[in-house]
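Colleague: what follows is a predicted protein model with its sequence.
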Amino acid sequence: MATPAAESASTTDPRPRRRRLRRHTAWIATALMTTGLMLTGCSTDTDAAATTSSSVSSSVSSSVSSTTSDATTADTTSATISDTATAAQAFLDTLSDEQRETVLYDYDDETKTTSWSNFPVTFVERAGLNLTDLTDEQKTAALAVLENLLSDEAYETVSGIMGGDEYLLENSDSTEDSLGQYYIAFFGDPSDSSAFEVQFGGHHLGINATLDGSTGTVTFAPTHLGVQPAVYKDEDGNEVQPFDGIYTDAFAFYDSLTAEQQETLTSGDVSMCAPGDTCDFETGDGLTGADLDDDQKELLLDLIANWSEMADDESNATTRAEIEATLDDTVIAWSGETTYDMTTGDGISFSISGPNVYVAFQAQQGSAGADVDGVTTSGWGHVHTIYRDPTNDYAGSVEQQASTGMSGGPGGDGDMGGTGDMGGAPAGGQPPSGMPGDADEAA
């Protein structure tokens, strides 16, 4: 199936590592609060007119817009921790005793390692509360936690991912009715003086953010970002392309390399360590950071930053410095297309593996049963990624437990090979042998 062209492929403006204006905040919150939201797919015929149907409730949209516009922008780590803790407590105050018991876990509870996945929530149970079970007030308060935790750029990416799941739920032929369902949980009591973790996720999103007021640190390892489809239109007719920034950074790095460096890069083994896997974090073969000049190293750090630098500038700078310190020992491997043009080929896969960082980006060769006429939901249009810190997952609070079932799945340490969902599902999204569900359910 042909894919929409990447409009930004011809531009190479660098993206500043700063907070940017939120464009989808109100829309995604409204999408979670309402039913019957219909969005328009991007036609492969660039002359075809896009249509939009079934507008959202204006009263809810207005309320959410008012709420989200009041969010302040934190510039420091301490402000991010304090603001997020305050927002979390405000959310907790909206809950019943039973709901609070469901959403709160001990800080060192190993559930945090087994309750996040890149598979639908019908296959892998998430921790905490399902946002679809909350009142409008509670949903708004839950999303405010993310707003205070994430930079504007990261929040825009996350809201775009969530909007894509909602789009598939309303427009695709998938029978997976959990698309668009997201859960929130806290490990430890949210506070600006001690450590706690915010876990938020569904199928194409799994955030594990640890905030520690005692050490003044914020970390997002491990985190899963995914997208399907790559391009869609929201209910206002605006084009949403959640991974455009990641693709732009990836190809900016690739294009900066010499022909010899590109040959080394593409001759290496692209690796994958899925959610739920303990992982050996083997670097394998490929291009190393030591092979790069200073400008190329900065472009590589910019690419990694899409996962590792999702908070305020101070937190981001701290994480960047830690990764940069061992960048010479970091190995990068790449497979797939070499030009950012989503009208050709089947997308890209790459891995970045070093002492302080692990990133895997995998194009899924299959729609997993979530087909939409005129919209690409495979290859470029279906991507799973993972970010981990081999030395500091979960801020050292607990070790990753090997999950059972589809959370990790067989073949987690194997070669990505360009097919299948992370976690071992083969092309088309079918579960591994012996697992429940079928292709339509593993979107």
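Modeller: Received it, and whenever you're ready, just let me know what you need. Residues are numbered from 1 along each chain as shown.

Colleague: make sure residue 196 is indeed in a helix.
Modeller: No - using DSSP: H, G, I helix; E, B strand; the rest coil, the secondary structure at residue 196 is strand, not a helix.

Colleague: can you tell me how far residue 237 is from residue 357?
Modeller: 38 Å (Cβ to Cβ, to the nearest Å). In this view, the C-beta of every residue, glycine as well, is placed from N, C-alpha and C.

Colleague: which one's more surrounded, these two?
Modeller: Neighbour tally, residue 237 and residue 357, criterion other Cβ atoms under 10 Å: the higher count belongs to residue 357, 26 against 11.

Colleague: now the helices for the stretch 101-250 of the chain?
Modeller: Per DSSP state H, counting those that start in this stretch, the stretch 101-250 of the chain carries helices over the ranges 111-114, 136-149, 152-171, 244-256.

Colleague: in a markdown table, list the ones you listed along with mean pLDDT, distance to residue 288 and mean neighbour count.
Modeller: Below are those laid out as a markdown table (pLDDT from 0 to 100; distance: least, Cβ to Cβ, whole Å; neighbours: other Cβ atoms under 10 Å):
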| stretch | mean pLDDT | distance to residue 288 | mean neighbour count |
| --- | --- | --- | --- |
| helix 111-114 | 93 | 30 | 22 |
| helix 136-149 | 98 | 33 | 23 |
| helix 152-171 | 96 | 28 | 24 |
| helix 244-256 | 98 | 14 | 20 |
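
Colleague: can you lay out those helices as CSV showing distance to residue 198?
Modeller: Formatted as CSV, the helices of the stretch 101-250 of the chain follow (distance: least, Cβ to Cβ, whole Å):
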stretch, distance to residue 198
helix 111-114, 10
helix 136-149, 6
helix 152-171, 12
helix 244-256, 22
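
Colleague: out of these, the one nearest residue 364 is which?
Modeller: In terms of Cβ to Cβ, the element of the helices of the stretch 101-250 of the chain nearest to residue 364 is helix 152-171, at 13.1 Å.

Colleague: quick check, distance from the closest one to the centre of its chain.
Modeller: 10 Å (Cα atoms, centre = their mean, to the nearest Å).

Colleague: taking helix 244-256 as reference, get the angle to that helix.
Modeller: Computed by axes from the mean of the first three to the mean of the last three Cα atoms, to 10 degrees, the angle separating helix 152-171 from helix 244-256 equals 120 degrees.

Colleague: nearest approach to residue 202 belongs to which of the helices of the stretch 101-250 of the chain?
Modeller: helix 152-171 (6.4 Å).

Colleague: as CSV, could you dump the C-alpha coordinates of that closest one?
Modeller: Taking only C-alpha atoms (Å, rounded to 0.1, in the frame of the first residue of the first chain), the coordinates of helix 152-171 have been written out as CSV:
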residue,chain,number,x,y,z
ASP,A,152,5.8,20.4,25.0
GLU,A,153,7.6,18.6,22.2
ALA,A,154,7.3,15.2,24.0
TYR,A,155,3.7,15.8,25.0
GLU,A,156,2.9,16.6,21.4
THR,A,157,4.4,13.3,20.3
VAL,A,158,2.6,11.4,23.0
SER,A,159,-0.7,13.0,22.2
GLY,A,160,-0.2,12.2,18.5
ILE,A,161,0.5,8.6,19.4
MET,A,162,-2.7,8.4,21.4
GLY,A,163,-4.6,10.1,18.7
GLY,A,164,-3.4,7.5,16.2
ASP,A,165,-4.7,4.6,18.4
GLU,A,166,-8.1,6.5,18.6
TYR,A,167,-8.0,6.9,14.8
LEU,A,168,-7.5,3.2,14.3
LEU,A,169,-10.3,2.3,16.7
GLU,A,170,-12.7,4.5,14.8
ASN,A,171,-11.6,3.9,11.2
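
Colleague: show me what it is packed up against.
Modeller: Using 3 or more Cβ pairs under 8 Å, 6 or more residues apart in numbering; DSSP states H and E, the elements in contact with helix 152-171 are helix 25-33, helix 136-149, strand 205-212, strand 223-227, strand 232-233, strand 239-240, helix 244-256.

Colleague: kindly calculate the angle that that helix makes with helix 136-149.
Modeller: Using the same axes, to 10 degrees: helix 152-171 against helix 136-149 is 140 degrees.

Colleague: wait, residue 281 touches residue 358, no?
Modeller: Yes - counting by Cβ atoms under 8 Å, residue 281 does reach residue 358; the two are 5.5 Å apart.
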